[in-house]
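In: build me a model from this:
(one chain, ligands or ions: 1)
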Amino acid sequence: MEMDQLVALCKRRGFLFQSSEIYGGLQGFWDYGPLGVELKRNVREAWWRDMVVAHNEQLPPPGAPSTYEMTGIDSTIIMHPQVWKCSGHYDLFHDYMVDCRESKGRYRYDQINGRWVEAEGRRVFVATTLGGEEAIADTEQKALKFFNLRKKHADRLAWLGSVVPLTTVAEFSAVLGPDAKALGTLTEPREFNLMFETHTGAIRNESSKTFLRPETAQGIFVNFKNVLDSTRVKIPFGIAQIGKSFRNEITPRNFTFRSREFEQMEIEFFCRPATSPEWYTYWRDRRYRWYQDLGLAGERLRLRDHDKAELSHYSCGTADIEYAFPFLPPGEFGELEGIAHRGDFDLRSHMEGKLVREGGELVVEKDEHGQPRYRGSGKDLSYFDEVAKERFVPHVIEPSAGADRATLAFLCEAYCEDEQPDENGAPQKRVVMKFHPRLAPIKAAVFPLVKKDGMPEVAQEIYGQLKPHFHTFYDEKGAVGRRYRRQDEVGTPLCITVDGQTLQDGTVTIRDRDTLEQWRVQKDQCAAEVRQRLGM
Ligand code: ATP
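Out: This is a model prediction of the structure:
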């Protein structure tokens, strides 16, 4: 599948629109249309249901070291600025960017690649924002243009090695920027904090400055004690939250994959330090299975353990669940979710102040006067185990997923094209979105075969029976074959048709989106049939 086809379908059928499109759009922001909102809600609800509501705290799930409890919260987007100072986001949540003085383009430093080339006695690093095979073709084209050569003279370009990142280049004066005509127009990399700033209250000064949260996790940590004091949860337990997060990404791209406003689904799981490695393994595998169970079952999904060099300074284990999105070069994967063992870093930061690692120990960062650089809350965020009569700061396992990236992966995976005979037996190209039934925006469509002979009345009666239980769609316009295809294109698993036979024996035809199998059931059995077939 080409990404363009999916993007076109998303717009045509109302899954996704560019934000503020009538004004030319706003880069990095996306709106979900009438079907998109249902799909994303289904993703969120599947997550909340599977992780929180349906979790049975009386039984250890397969692979879990013991039973555990789950609960949820919904915290605010704007929080006390000290939260971000102690969490490290204020100082550390940045990307490096480079600007182009000529094209005015802005790029993430780590996302520029290029190749060294020699021609006419000059050595130039030709930069591109593309990767893999695309980078090779793009740099060749740019080099020909730069040296004013025709394509047939491509052999005058002596390439010195393969595609490498700009981060390996020291002499910026030899770099031809991705959109530049002259050499040396890229600035040195500069830090760029990704948090959106705003002000709370009437006065706009440094002390009224606040931030839109770049992750939902901190809302959970700062409520750890509230949850403990207001419920009877005992360790091990998890707190879940779904909500919007904001990052002023330098180069938003790849449809919704890298947006500036997006939604996260996060769990902070609190456990005893001694059992934390086992819980880390449990959550990593459990979260991987979740995507598989919802249809990302093939080779495009993978679980990747970070190697030691990739780990954050506080983490003793991190894994990413990744998907081979079609907009990435072959062999490349994009992150859907990260599962991190975070030790006691977050709770301690909010108690003591911003932490840094010094000689293998996490210590409070000091300023030039020897005072904590950012003061913590001073509140006791430890846990007292009544049975063992022991107090400790729990360790945390954090499965952190993006609702928009998951939705995008489910969209990519669902897209299929095949050929099916039309009413006259001629082959017809069919686009079908093979969503898992739990995720499908519409679960069933009801059609009268024709708009007469009492068929619409029966179809509306069935529609009325289904509507309170499932998102159902009623359609009586156009040829029935066309109506089927419209439902295939938005991934409706079942279509129910009232036809001539219905008027004689009270049965209707049900058609399966994937197998195209058709069978008949009594019209008052439709709700039970849909429930049973979709496993709901
Ligand atoms: P990346 O390296 O791709 O920027 P990250 O490692 O910074 O991602 P985390 O901070 O671990 O991401 O955030 C957890 C999850 O939130 C990610 O796995 C992803 O699903 C989602 N997410 C993060 N940034 C974005 C974004 N800009 N747009 C959409 N989803 C995002």
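
In: so what's the residue count around P61?
Out: 11 (other Cβ atoms under 10 Å). C-beta: built from backbone N, CA, C; applies to glycine.

In: next one: F410
Out: 25.

In: does it count as helix, strand or coil?
Out: In three-state terms, and counting by DSSP: H, G, I helix; E, B strand; the rest coil, F410 is helix.

In: could you report the pLDDT at H199?
Out: H199 is assigned 96 on the pLDDT scale.

In: quick one, what contacts the residue nearest to it when sequence neighbours are not counted?
Out: Leaving aside its sequence neighbours, H199 sits nearest to S208 (Cβ to Cβ, 6 or more residues apart in numbering; 4.5 Å). Shown in contact with S208 (Cβ atoms under 8 Å, 6 or more residues apart in numbering): 199-201.

In: and with 10 Å instead?
Out: Contacts of S208 were listed using Cβ atoms under 10 Å, 6 or more residues apart in numbering, and they are 81, 198-202.

In: do Y288 as well
Out: 296, 301-303, 319, 321, 336-337, 339, 399.

In: make a markdown table out of these and add neighbour count, secondary structure and pLDDT.
Out: Converted to a markdown table, these look like this (neighbours: other Cβ atoms under 10 Å; DSSP: H, G, I helix; E, B strand; the rest coil; pLDDT from 0 to 100):
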| residue | neighbour count | secondary structure | pLDDT |
| --- | --- | --- | --- |
| L296 | 22 | coil | 96 |
| L301 | 19 | strand | 97 |
| R302 | 13 | strand | 97 |
| L303 | 17 | strand | 97 |
| A319 | 22 | strand | 96 |
| I321 | 26 | strand | 98 |
| L336 | 22 | strand | 98 |
| E337 | 24 | strand | 98 |
| I339 | 27 | strand | 97 |
| P399 | 25 | strand | 98 |
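
In: roughly how far out does the helix or strand encompassing S276 sit from the chain middle?
Out: S276 is part of helix 276-293 when elements are defined by DSSP states H and E. Taking Cα atoms, centre = their mean, to the nearest Å, one finds the center of helix 276-293 at 17 Å from the center of the full chain.

In: buried residues, that helix. List them.
Out: 276-277, 279-288, 290-291 (16 or more other Cβ atoms under 10 Å).

In: apart from its neighbours in sequence, what residue is nearest G481?
Out: E423 (5.0 Å).

In: so that neighbour, which of the three states?
Out: E423 is classified as coil under three-state DSSP.

In: what about A445, distance to P456?
Out: Distance of A445 to P456, given as Cβ to Cβ, to the nearest Å: 14 Å.

In: compare the two and say which is more crowded by neighbours.
Out: Applying other Cβ under 10 Å to A445 and P456 shows that A445 carries more neighbours, namely 24 against 18.

In: what's opposite that one in the beta bridge?
Out: When bridges are assigned using DSSP bridges, the partners listed for A445 are F473, C495.

In: ok so, going back, want to throw the buried residues of helix 276-293 into CSV with pLDDT and distance to the ligand?
Out: Converted to CSV, the buried residues of helix 276-293 look like this (pLDDT from 0 to 100; distance: Cβ to the nearest ligand atom, whole Å):
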residue, pLDDT, distance to the ligand
S276, 95, 19
P277, 94, 20
W279, 97, 18
Y280, 96, 15
T281, 96, 19
Y282, 97, 19
W283, 98, 14
R284, 97, 13
D285, 97, 17
R286, 97, 16
R287, 98, 11
Y288, 98, 13
W290, 98, 13
Y291, 98, 11
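
In: R150: which of these is nearest?
Out: Among those, Y291 lies closest to R150 (Cβ to Cβ), at 49.0 Å.

In: just give the closest residue to that closest one, not the sequence neighbours.
Out: Nearest residue to Y291 in three dimensions, chain neighbours excluded: L301, at 5.8 Å (Cβ to Cβ, 6+ apart).

In: just to check, the one you found is in contact with I321?
Out: Yes: using Cβ atoms under 10 Å, L301 is in contact with I321, at 7.1 Å.

In: for these two, list the residues in contact with both.
Out: By Cβ under 10 Å, 6+ apart, the residues touching both L301 and I321 are 288, 291-292, 333, 336, 409.

In: and the residues you listed, which two are furthest apart?
Out: Taking Cβ to Cβ, the two most distant members of the shared contacts of L301 and I321 are Q292 and F333; they sit 15.2 Å apart.

In: any idea how far P330 is from the residue nearest to G481?
Out: E423 sits 39 Å away from P330, going by Cβ to Cβ.

In: who touches the helix or strand where R357 lies?
Out: R357 is part of strand 355-358, with elements assigned from DSSP H and E. With contact meaning Cβ under 10 Å, 6+ apart, strand 355-358 is reached by 86-88, 91-92, 312-314, 344-346, 348-349, 361-366, 372-374, 376.

In: contact residues of this protein facing the ligand?
Out: Contact residues (Cβ under 6 Å from any ligand atom) of the chain with the ligand: 215, 247, 249, 258-259, 262, 264, 335-338, 400-402, 404-405.

In: re earlier: now, the contacts of strand 355-358 that are in helices?
Out: Counted as lying in helices by DSSP state H, out of the contacts of strand 355-358, are 86-87, 91-92, 345-346, 348-349.

In: out of these, who's the most crowded?
Out: Highest neighbour count within the ones in helices among the contacts of strand 355-358: C86, with 30 neighbours (other Cβ under 10 Å).

In: which ones are touching that residue?
Out: Contacts of C86 by Cβ under 10 Å, 6+ apart are 80, 218, 221-222, 346, 348-355, 364-365, 372-377.

In: may I ask which helix or strand encompasses R485?
Out: helix 480-490.
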